[in-house]
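Visitor: Fold the stuff below for me.
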Amino acid sequence: MDTTTKITTKEYDDHNKEATSSGDEELTYQGPYQMIIGKLLYLTVIRPDISYNVQTLSQFLQKRKKSHIDAAMRIIKYVKGKPGQGVLLSSNKQDVLTANYDAGWASCPFTRKSVTGFAIKLGDSLISWKSKK
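Guide: Presented below is the predicted three-dimensional model:
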């Protein structure tokens with residue numbers, strides 16, 4: 001997802017009086033967007049690199065805008081362009097356990113909740129990961 005794109009709801013835009021001159025109106029049909037997000041959520045099991053972006057877009061299943069479906073299509077183009085980027089289970093035997101943790105305190109602009117996540121690797125193989133709001 002583009003880091004400069006601000007994913008918001010129509011109510012948030014109206015409350016902050018942001019201009020929607022780019023034609024970012026609320027969409028009335030819900031089937032295609034929900035189907036795309038459902039398939040992307042299933043894909044996050046083997047593609048943890050897209051999990052944060054898909055989770056962000058899944059928060060707007062009921063109040064989706066044109067910018068949301070554009071961001072979902074961008075994720076699909078990324079996945080199609082990088083077919084071999086799944087979870088790597090390396091055959092090299094290394095007994096080094098590493099863990100990475102990151103936290104974004106009050107990073108959600110709507111609820112002001114924190115977003116945290118971790119990744120645990122054994123050698124070169126990713127064995128566990130989680131992201132939570």
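Visitor: What's opposite the nearest residue to residue 132 once chain neighbours are set aside in the beta bridge?
Guide: Nearest residue to residue 132, sequence neighbours excluded (Cβ to Cβ, 6 or more residues apart in numbering): residue 116, at 5.6 Å. Every residue, glycine included, has its C-beta placed from N, CA and C. Counting by DSSP bridges, residue 116 forms beta bridges with residue 103, residue 132.
Visitor: Was I right to think residue 116 contacts residue 101?
Guide: Yes - contact criterion Cβ atoms under 8 Å: residue 116 and residue 101 qualify, at 7.4 Å.
Visitor: How many residues are close by the residue lying closest to residue 131 once chain neighbours are set aside?
Guide: Using Cβ to Cβ, 6+ apart and skipping residues adjacent in sequence, the residue nearest residue 131 is residue 117, 3.8 Å away. Neighbour count for residue 117, taken as other Cβ atoms under 10 Å: 17.
Visitor: mind checking the SS state of the residue of the chain positioned farthest from its centre?
Guide: Within the chain, the residue lying farthest from the chain centre (Cα atoms, centre = their mean) is residue 93, at 31.8 Å. For residue 93, the assignment made with DSSP: H, G, I helix; E, B strand; the rest coil gives coil.
Visitor: Tell me how far it lies from residue 75.
Guide: Distance, residue 93 to residue 75, by Cβ to Cβ, to the nearest Å: 34 Å.
Visitor: Repeat that for residue 57.
Guide: The spacing between residue 57 and residue 75, counted by Cβ to Cβ, is 8 Å.
Visitor: Those two - which one has more neighbours?
Guide: Using other Cβ under 10 Å, the more surrounded residue of residue 57 and residue 75 is residue 57, with 23 against 19.
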